[in-house]
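Student: test case, fold it:
(one chain, ligands or ions: 1)
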Amino acid sequence: MTNARIPLAGVIGAPIAHSRSPALHGHWLKRYEIQGFYVPIELAQENFEAGLRSLPLLGFRGVNITIPYKERVLTLADVITDRAALIGAANTITFRKDGRIQADNTDGYGFIANIRQNQPNWQPKTGTAVILGAGGAARAVISALLGEGVPEILVANRTRNRAEMLREHFGARVSVMDWSALPEALPKAAMLVNTTSLGMSGQPALSIPFERISPKSMVCDIVYAPLETNLLAQARKKGCTVVTGIGMLLHQAVPGFENWFRKRPEVDEALAAAVLEA
Ligand code: NAP
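Tutor: Coordinates of the predicted model:
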């Protein structure tokens, strides 16, 4: 028996029942035999601020934040990391010992760590990246790719205006292209990333000229349900290097777990299996 306070963490969203984060962190807590808990917390809009602020009093060391609060939480944070500020959203909150609320965004970190784990020879500086989508995930992916030194990023999105906003935000290395220009852009892309929800179970299929993808491209899909999306299956057929989306989810959780439970956790196949089964 010990008098140490049991560390708590969780994930806040609305709805939250679908979240795989409790299975993810629960797997690590068990594996490392940590006497702590990670819980899903559903908060309505009107209770979000009061709910978040009450958590440190209850023994929470931090929380993940998901839809629809990833942008709003920045207005409550006392300390915002550079990458969260650059992305304009946060997914990882830490209640610091000095009482301040720290907001971080680890989605871009998770995206890059997943590629590095699966394709250690990846050379980001060697060519153009084509990004499909201009939502929240695209912001994190683009920010991370720019940080890795990708020289040129072309963004195609159904709503062109959202892609234009990303170009204004991230500057000269980002350009906007029409979806209809993909047949010309795909053969030249060193990297292709789907950040839209297209191809996800229950969503419409992703429709692009798959035959135009270069066999030399690395193709990443951040959709992970199904794990092998049609995009990845088509890319594999072409001989491309492919990276699935589950690793991004797993890696983005590492910094939060380390902050809250004082242990840097491993990302491996057993973790992926536990989360995919959840
Ligand atoms: P979001 O902000 O709502 O953005 C959705 C994107 O998908 C937008 O670019 C949107 O285009 C596009 N889109 C949606 N329906 C479409 C349709 N019918 N036709 C064409 N484009 C469509 O969502 P998000 O947070 O960026 O998430 C996007 C996807 O990434 C989700 O499937 C999410 O589960 C996944 N994700 C995975 C991870 C991971 O760890 N692997 C992390 C974050 C997100 P418009 O701008 O035209 O609406």
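
Student: ok, the closest residue to the ligand within the stretch 1-150 of the chain - contacts?
Tutor: Taking Cβ to the nearest ligand atom as the measure, the stretch 1-150 of the chain has G135 as its residue closest to the ligand, at 2.0 Å. Bear in mind the C-beta positions are built from the backbone N, C-alpha and C, glycine included. Counting by Cβ atoms under 8 Å, 6 or more residues apart in numbering, G135 touches 162, 195-196.

Student: with T241 instead?
Tutor: Residues in contact with T241, defined by Cβ under 8 Å, 6+ apart, are 119, 217-219.

Student: of the residues you listed, which is the nearest to the ligand?
Tutor: V219 (14.5 Å).

Student: what is the burial count for the spatially closest residue to T128 that is not a sequence neighbour?
Tutor: Ranked by Cβ to Cβ, 6 or more residues apart in numbering and with sequence neighbours excluded, the top spatial neighbour of T128 is E152, at 4.4 Å. A count of neighbours around E152, defined by other Cβ atoms under 10 Å, yields 15.

Student: quick one: E152 and R173 touch, right?
Tutor: Yes. Assessed by Cβ atoms under 8 Å, E152 is found in contact with R173 at 5.9 Å.

Student: and stretch 261-275, what's buried?
Tutor: By 16 or more other Cβ atoms under 10 Å, the buried positions in stretch 261-275 come out as 261, 265, 267, 271-272, 274-275.

Student: hmm, I typed the wrong one, I wanted stretch 238-245.
Tutor: In stretch 238-245, residues buried by neighbour count (16+ other Cβ under 10 Å) are 238, 240-245.

Student: just the residues you listed: which are in helices?
Tutor: Within the buried residues of stretch 238-245, membership in helices is found for K238, as judged by DSSP state H.

Student: next one: phi and psi at the residue positioned nearest the centre of the chain?
Tutor: Relative to the mean C-alpha position of the chain, the nearest C-alpha, by Cα atoms, centre = their mean, is the one of D107, at 3.1 Å. Backbone torsions for D107, taken as degrees, to the nearest 10, come to phi -70, psi -40.

Student: relative to F37, how far out is the closest residue to it other than its chain neighbours?
Tutor: On the basis of Cβ to Cβ, 6+ apart, the spatially nearest residue to D107 that is not a chain neighbour turns out to be A140, at 3.6 Å. Distance, A140 to F37, by Cβ to Cβ, to the nearest Å: 27 Å.

Student: who has more neighbours, the two?
Tutor: The neighbour count for A140 versus F37, taken as other Cβ under 10 Å, is higher for A140 (29 against 16).

Student: circling back: what's the farthest-apart pair in the contacts of T241?
Tutor: Distance extremes for the contacts of T241: the farthest pair is Q119 and S217 at 11.8 Å, using Cβ to Cβ.

Student: who has more neighbours, these two?
Tutor: More neighbours surround S217 than the other of Q119 and S217, with 24 against 14 (other Cβ under 10 Å).
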